[in-house]
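**Q** got a predicted structure here, sequence first:
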Amino acid sequence: MIKNGIGADVRRKEDRRFITGAGKYVDDINRPNQLYGYIVRSPLAHARISSIGISAAEQIPGVVAVLTGADMAADGVGGVPCGWGVNNKDGSPMAEPPHPPLATDVVRYVGDQVAIVLAESRSIAKDAGELLEVDYEELPVVAGLEAASADDAPLVYDEVPGNICFDWEIGDKAATDKAFEEAASVASLDLVNNRLVANAMEPRSAIGEYDGGKDEHTLYTTSQNPHVIRLLMGAFVMGLPEHKLRVVAPDVGGGFGSKIFHYAEEAIVTWAAKRVNRPVKWTADRSESFISDAHGRDHISRAEMAMDENGIFLGLRVSTRANLGAYLSTFAPSVPTYLYATLLAGNYKTPAIYTEVKGMFTNTVPVDAYRGAGRPEASYLLERLVDRAAKVAGLDPVEIRRRNFIKPEDFPYATPVALEYDTGDYDATLDKALELSDYNNFESRKAESAKRGKLRGLGIATYIEACGIAPSNVAGALGARAGLYEAGTVRVNPTGSVTVLTGSHSHGQGHETTFAQLVTEMLGVDFDAVEIVHGDTAKVPFGMGTYGSRSAAVGGVALVNALEKIRTKAKKIAAHLLEASDEDIDFQDGQLVVAGTDKAVPFGDVAMAAYVPHNYPLDTLEPGLEETAFYDPKNFTFPAGCYVCEVEIDTDTGKVDVVAFTAADDFGRIINPMIVEGQVHGGLVQGIGQALYENCVYDDSGQLISGSLMDYCLPKADNVPDFSVTTNVTPCTHNVLGVKGCGEAGAIGAPPAVINAVVDALSAYNVEDVPMPATPQRVWQAMQATK
Amino acid sequence: MNPKVSMKLNGEAVSAEVDSRMLLVELIRETFSKTGTHVGCDTSQCGACVVHVNGRSVKSCTMLAVQADGADVQTIEGVASNGELHPMQAAFREYHGLQCGFCTPGMIMSALDLVKHNPNPDDKEIREWLEGNLCRCTGYQNIVLAVKAGAEAMQSVTGQGEARDD
């Protein structure tokens, strides 16, 4: 292994600034003459704005302007666009109502933007915001899926009947129905996938700045993909060309999907900054984050599995309603469709699958991708159903999975729901998980728990995810309104240090380290002589950003392709310097050597020759040593794994403790095992959070009941166990790195493993299901109900 | 008239006129431009804003700036000395106890106070102490390892004058 190259547990480059307090997050940035923006939001879930009185607010000393939707419309600012369109069963396009950044006539959820107050300080802006006089005429509210689907349900949009944004399907309905007709047995479950709030620790923030001399805009924003924001906001909202709009996403304090989307606030500060010709900064309070960051999940589903007499799956039928909230967020339509239903084959050879999904508008915060985005919903549904199927078939949960697994010899495997898995070995991954979890001795641990009055249960779940989105042409055919490649530039500086410009964005993932390892591996350059630059459209030529576990599988491969071009050119330069043929040149320990000889030139000398080309093949080669590559993947990658969870339940209180958790994942080739393990830990805790603690709750009037960290339970250090983590590697077959992606796995596989364990622990009570989050109250009630 | 607050901030005497409702964290971040102390919530749950006031860990979003008049305040910026990482900082790096870094300053400040109270904390004690510090990235396991290793390294520093080196 090359020192600090691929496979090394290199300590992170970025850590020094974070552990010394020198990180630079958006709210740490202040621009000269900056104003503070306070966004006045709707306190009602659905109402018509009769009037907005701004005079009292304007009179507060220090207030510079109060701007409303009418001002924005008058300036010709467009609506917030949706980046993915899906079609209904009949081929017609989904409903796509307008989404003004500041509401003009109707507000549609608690938190909808109504006005922005610009003032000399944060507190003045807030004070003035309190004095804004908005008269609302209340409209009837649909605060959730059940309310939205009722026969006489009020409408979020008059022009969208039944609140149905789309009524979508995938799979062969006739073949699936036939499988059910021929089935020996059927397992079925009704499931709710609870609504979640990502809660990255850094609240969103945005600073707009306008340079009138150059007619240029700059937006500092908490984003996972600054180039995507430039594209969406520039082209669709503000009407600004790329060269007049710079978007900077500096250090970003976690994203988990919630910072992918183009948010109204970004457009509001960009527009307001030009309007008042001063920089405008807005930073969300946490309570404001709860009512303005896109939420995640929120499905209600009916799932049925048809089996033969041996427990072999014949058909899977799923009907899902997905809450989209009040407006279409950037990727909202893709999440409960192509990122969900296409994963319902899971790790199994189910021959017929049919899924229909109704995407529904409600008077709630928009719902979009949150860590896993559709895949956790698929994994939860399928793995809960498989456990149910095991009960129905009278099989052990391990045995029913083994009987139905796709086997190594089946790859590449085309599922009945549009994907082609390239590689995997699900039995081997399961074996690893069982071994590491000491599965065979569970009964003795259960007996020991029983002595202490605790019910112990064990849950198994496998998962698969489609990551590294996507081949652009495939994504485009499925409704994506952008390409999904990645770009990387490698700039070898004259003295041999290397600057990498990547379109991927790191907000905790450690790209500054992992990507530097790729450079060290391929060029032999010292790890400390590599700098990874990301997050600024003025520095990085292009990019599509970080989400869907795509950074290594797409951004990393783009970088490797650029490095390959550098290697090719460096070899030509070295061949000239060493008077050899470039075919005979090899990279070796930071030098370029003529194979089989002692002739060598340090990489730094090659770099210097490229920029000071006195002795250089100028007739055939340009000076300089800088290369760019765009990489568009041939397929998704398919990380998969098996998780084993053990819980103890207190019979007096219903409190569930996760007492052991084992994760065996196949992420393909691993660049930095330390970082990958950290990603798994974090994902698992978010998954356990969904299963046991977190729940986003609205009351019938559309007020968010769980709107602060006092009401929404994020897992704390003493809520979660230590994890046993291992990997089983089958390299991805269609990218040169062999990587698959690891960022979302834990959040995808953990919820069904935890709930399967809870249901197992309650087996004496004949409990078939416990909804997420399995709070003490719900578990206790489940126990009472079947006593 | 606005009240004046004078304090020692990372060993340096500073003072400012403040709005009487100003929070300590706002004074630190906005008036004195020490932005290593973060604001992650508005209900004193997250702990990203933990600093030391007169040697004790405090959520600086839960204290008025005027209450810190005359106090000795230490923030994350004051933990390393002469460019040398404190053993607790080094341990967070060594054990990958951070990802996005946003909660990290508060975690480190909280961990340092733990070690004052309990020089040899076990895993359970660390997890319970960190109840008031939320992290959304790491799943806590590596933070616990880091705090334990940091505490041990601090012992060896006082005992043998040798810091852990990564």
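**A** Structure's in. What do you need?

**Q** from the contact counts, what lies against the longest helix seen in chain B?
**A** Looking only at chain B and at elements set by DSSP state H, the helix with the highest residue count is helix B:141-160. Packing partners of helix B:141-160 (3 or more C-beta pairs under 8 Å, 6 or more residues apart in numbering or on different chains; DSSP states H and E): helix A:673-688, helix B:87-94, helix B:104-117, helix B:123-129. (Each C-beta comes from the backbone N, C-alpha and C, glycine too.)

**Q** quick check: closest non-adjacent residue to the closest residue to chain A within chain B.
**A** Using C-beta to the nearest C-beta, the point where chain B gets nearest to chain A is residue B:36, with a distance of 1.9 Å. Ranked by C-beta to C-beta, 6 or more residues apart in numbering or on different chains and with sequence neighbours excluded, the top spatial neighbour of residue B:36 is residue A:21, at 1.9 Å.

**Q** return the most buried member of the helices and strands packed on helix B:141-160.
**A** Sort the helices and strands packed on helix B:141-160 by mean neighbour count, taking mean count of other C-beta atoms under 10 Å in any protein chain shown, and helix A:673-688 sits at the top with a mean of 26.

**Q** near chain B, anything from that one?
**A** Yes - using C-beta under 8 Å from any C-beta of the partner chain, we find that helix A:673-688 touches chain B at A:674, A:675, A:677, A:678, A:679, A:680, A:681, A:682, A:683, A:684, A:685, A:686.

**Q** residues touching the residue lying farthest from the centre of chain B, list them.
**A** Among the C-alpha atoms of chain B, the one farthest from their average position, using C-alpha atoms, centre = their mean, is that of residue B:1, at 32.0 Å. Residue B:1 makes contact with no residue, according to C-beta atoms under 8 Å, 6 or more residues apart in numbering or on different chains.

**Q** that one: what secondary structure?
**A** Secondary structure for residue B:1, judged by DSSP: H, G, I helix; E, B strand; the rest coil, is coil.

**Q** residue A:300 too?
**A** strand.

**Q** any idea of the pLDDT on residue 31?
**A** The chain I'm using is chain A. Predicted confidence (pLDDT) for residue A:31: 98.

**Q** actually it's chain B I care about, not the one you picked
**A** Note on residue B:31: pLDDT of 97.

**Q** so what sits opposite the nearest residue to it once chain neighbours are set aside in the bridge?
**A** For residue B:31, ignoring the flanking residues on the chain, the nearest one in space by C-beta to C-beta, 6+ apart is residue B:16 at 4.9 Å. When bridges are taken as DSSP bridges, the partners of residue B:16 come out as residue B:5.

**Q** so what's residue B:16 up against?
**A** For residue B:16, the contacting residues are B:4, B:5, B:27, B:31, B:32, taking C-beta under 8 Å, 6+ apart as the criterion.

**Q** make JSON lines out of those residues and add neighbour count.
**A** Shown next, in JSON lines, are the contacts of residue B:16 (neighbours: other C-beta atoms under 10 Å in any protein chain shown):
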{"residue": "B:4", "neighbour count": "11"}
{"residue": "B:5", "neighbour count": "22"}
{"residue": "B:27", "neighbour count": "25"}
{"residue": "B:31", "neighbour count": "17"}
{"residue": "B:32", "neighbour count": "20"}
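
**Q** out of the residues you listed, who's nearest residue A:389?
**A** Sorting the contacts of residue B:16 by distance to residue A:389 puts residue B:27 at the head of the list, at 59.9 Å, by C-beta to C-beta.

**Q** any chance of the contacts of residue B:16 in TSV, plus distance to residue A:632?
**A** Rendered in TSV, the data for these read as follows (distance: C-beta to C-beta, whole Å):
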residue	distance to residue A:632
B:4	61
B:5	57
B:27	50
B:31	49
B:32	48
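
**Q** so which of these comes closest to residue A:649?
**A** Among these, and counting by C-beta to C-beta, the member closest to residue A:649 is residue B:27, at 47.0 Å.

**Q** quick check: that closest one vs residue B:8, distance?
**A** The gap separating residue B:27 from residue B:8 is 13 Å, by C-beta to C-beta, to the nearest Å.

**Q** now swap in residue A:785 and tell me
**A** As defined by C-beta to C-beta, residue A:785 lies at a distance of 60 Å from residue B:8.

**Q** go on, residue B:157?
**A** The value you get for residue B:157 to residue B:8, if C-beta to C-beta is used, is 23 Å.

**Q** near the residue of the stretch 451-600 of chain A found nearest chain B, how many other residues are there?
**A** Relative to chain B, the nearest point of the stretch 451-600 of chain A is residue A:508 (3.3 Å; C-beta to the nearest C-beta). Residue A:508 is flanked by 30 other residues according to other C-beta atoms under 10 Å in any protein chain shown.

**Q** that one contacts residue B:103, doesn't it?
**A** No - look at residue A:508 against residue B:103 with C-beta atoms under 8 Å: they stay out of range, at 10.4 Å.

**Q** might you report the residue contacts of the residue nearest to the spatial centre of chain B?
**A** Closest to where the C-alpha atoms of chain B average out (C-alpha atoms, centre = their mean) is residue B:109, at 2.2 Å. Residues in contact with residue B:109, defined by C-beta under 8 Å, 6+ apart, are B:50, B:51, B:52, B:57, B:74, B:75, B:76, B:79.
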